[in-house]
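> Got a predicted model here, sequence first, then my questions.
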Amino acid sequence: MTDNQPAPDGVLRLINGYWATGVIGAAAGHSLFTHLENGAGTATELADRAGIAERGAQTLLDGLVSVGLVEVHGGRYRNTPEASAYLVDGTPTSLSGFAKLKLKHMSGLTALPEVVRAGGPVHDAVTEVADNPHWEELVTALAAQSVPTATMAAEVLEVASAGPLSVLDVGGGSGVYSSVLLEANPAARSTQIDWERINGIARRLLAERGVADRFTTVAGDFHTTDFGTGEYDIALYSHIAHQEGPEDNVEVFARLRGALKPGGALVVCDYVVDDDRSGPAFPLMFAAEMLVKSNRGGTWRRSDYRDWLLKAGFRDVSFHAAPPATLVIAR
Ligand SMILES: C[S@@+](CC[C@H](N)C(=O)[O-])C[C@H]1O[C@@H](n2cnc3c(N)ncnc32)[C@H](O)[C@@H]1O
C-alpha cells in the first residue's frame, strides 16, 4: 500500500452492505427498537424481553451501533433519534415493517449480474404481473414512507382550506394518500384505482381513520381503466412512474390530464434523479431494484418528468424535495 492509498475500510463496509440489511431487519423482526424505546438497555434485558439469545441480542446491538442506529453510554444502549422516529413499532411513520420486508427481498439481488447482462428481470418480472401478491406485503410496508409525502402534498396544494374536492389516486396501494387528504379536508372525496385485494387493504385503513364514507375504490389495471373526463381536482400517481417505461408514463399522464378539471393538479411522487445522474444517492441506487423487478421501469430524471408532463398537456411543472422522494406537481 502506498502512502496516499486510502484504507480499505470504506470499500469493505460497502461490499458487506448486506450486513446492515440483515442486522436492521432482524432487529426489527424482534422489535428491538421498541424494547429499547421502552427502557431495555442491555443485551440481557433485550434478550429477556424479545425472547432471543443474549449472544444474539449483543450481536444485533453491536451491529446497530456500527450502523449508527443505536448508541451506547456507560454500558447502556439506547435508540438514536432516527431509530426512535422511524423504527419503533406501531407509529404511522414506522419503517420497521419495511426493514423486515427488505431482508426477505435480499436474496433477489444475487441475480443482478445476470439481470444486468439481460437488461431486465431474468426470473418473473414483478411489476407487470396483474394482481401480483407482491403488492400486498409491499403497500403495507410502504405506507409509512407515504405518510410524510402525502402530508406534504396536502400542504403544498392547501387541501385543508380548498372546500369540496375530488381526488383520484392511481395505484393508491394502502390508501395512505386518500386517508391524509380526506382527514385534512372533511368536504373532500377520493377514488382509488388498484387491484381488488389492495383496495381491500385501503378500505380497512380508511375505515380505521373514520373517513371510509368518502372513499370509493375501482378494481382493475390502471392501463386500461377509464379515468373519466374533467372530474377531479387532484390526481395522484405515487411510486408508480418508476415501474413504467417512458411511453407508458406519457400515456397515463395524458389520460390524467383529461380526467382533471381545468386548473386541477397532478401529484407524482417518486425517486427522481438529477438530470446529469450525479445524485441523489437513494434514487440512483433504486434503479437496480427496478432493473430486477420490471421490464421497462427505472429511476427517471427531472427533465424526463418535465418533458413527459408537457407532452401530456400540462403547462406548469414544479419539483418539491421530500427526501428520498420528490413530489412533482403539474397543472
Ligand atoms: C409501489 S406501490 C405504491 C402505493 C401508493 N401509491 C404509495 O405511494 O404508497 C404500487 C401500487 O400500484 C399498484 N399497481 C401496480 N401496477 C398496477 C396496475 N397495472 N394496475 C393497477 N394497480 C397497479 C400496486 O398494486 C400497488 O398498490
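Alright, I've got the coordinates.

> What is the neighbour count of residue 21?
16 (other CB atoms under 10 Å). Yep, even glycine has a C-beta here, placed from its N, CA and C like the rest.

> which ones are touching residue 308?
246, 249-250, 253 (CB atoms under 8 Å, 6 or more residues apart in numbering).

> pLDDT at it, what is it?
As predicted, residue 308 sits at a pLDDT of 98.

> any idea which of the contacts of residue 308 is closest to residue 30?
The shortest approach to residue 30 among these belongs to residue 249, at 40.3 Å (CB to CB).

> which helices and strands does the helix or strand harbouring residue 58 pack with?
For residue 58, the element it lies in under DSSP states H and E is helix 54-66. Packing contacts for helix 54-66, counted by 3 or more CB pairs under 8 Å, 6 or more residues apart in numbering; DSSP states H and E, involve helix 18-29, helix 32-37, helix 43-50, strand 70-73, strand 76-79.

> So for the longest one, what gets flagged as buried?
Think helix 18-29. Using 16 or more other CB atoms under 10 Å as the test for burial, helix 18-29 gives 20-29.

> from the residues you listed, which are also near the ligand?
Contacts with the ligand are made by none of these, judged by CB under 6 Å from any ligand atom.

> Minimum distance to residue 310: which of the helices and strands packed on helix 54-66 has it?
Closest among those, using CB to CB: helix 18-29, at 38.9 Å.

> the inter-axis angle of the helix holding residue 58 versus helix 43-50?
110 degrees (axes from the mean of the first three to the mean of the last three CA atoms, to 10 degrees).

> Would you map out the domains in this structure?
9-108, 124-330 (automatic domain parsing).

> check contacts around residue 66.
So residue 66 contacts residue 23 (CB under 8 Å, 6+ apart).

> same check, this time on residue 204
So residue 204 contacts nothing (CB under 8 Å, 6+ apart).

> what about it, which helix or strand?
helix 196-208.

> just to revisit the earlier point, from the domains of the chain, which stretch is densest packed?
domain 124-330 (a mean of 19; mean count of other CB atoms under 10 Å).

> so how far does it reach from one end to the other?
Domain 124-330 has an end-to-end distance of 34 Å (CA to CA, to the nearest Å).

> is that domain anywhere near the ligand?
Yes. Applying CB under 6 Å from any ligand atom, one finds domain 124-330 touching the ligand at 135, 138-139, 142, 146, 171-174, 176, 194-195, 198, 221-223, 238-240.

> Which pLDDT value goes with residue 1?
If you check residue 1, the pLDDT there is 59.

> got it, and residue 129?
With respect to pLDDT, residue 129 scores 81.

> Distance to residue 3 for the helices and strands packed on helix 54-66 - can I get that in CSV?
Formatted as CSV, these follow (distance: least, CB to CB, whole Å):
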stretch, distance to residue 3
helix 18-29, 30
helix 32-37, 42
helix 43-50, 41
strand 70-73, 34
strand 76-79, 39
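
> so which of these gets nearest residue 186?
Of all the helices and strands packed on helix 54-66, helix 32-37 comes closest under CB to CB, at 33.4 Å.

> Which strands or helices does that closest one pack on?
Applying 3+ CB pairs under 8 Å, 6+ apart, one finds that helix 32-37 contacts helix 43-50, helix 54-66, strand 76-79, helix 81-86.

> Of the ones you listed, give the one that comes closest to the ligand.
helix 81-86 (16.0 Å; CB to the nearest ligand atom).

> Run through the neighbouring helices and strands of that closest one.
Judged by 3+ CB pairs under 8 Å, 6+ apart, the packing partners of helix 81-86 are helix 32-37.

> what sits up against the helix it packs on?
By CB under 8 Å, 6+ apart, helix 32-37 touches 27, 45-46, 49-50, 57, 60-61, 64, 69-70, 77-79, 83-84, 87-90, 96.

> 10 Å - rerun?
Contact with helix 32-37 is made by 23-24, 26-28, 31, 40-41, 45-50, 52, 57, 60-61, 64, 69-70, 76-80, 83-84, 86-91, 94-96, 99, as judged by CB atoms under 10 Å, 6 or more residues apart in numbering.

> pLDDT averaged over it - what is it?
On average, helix 32-37 scores 98.

> likewise stretch 182-189?
Averaged over stretch 182-189, pLDDT sits at 98.
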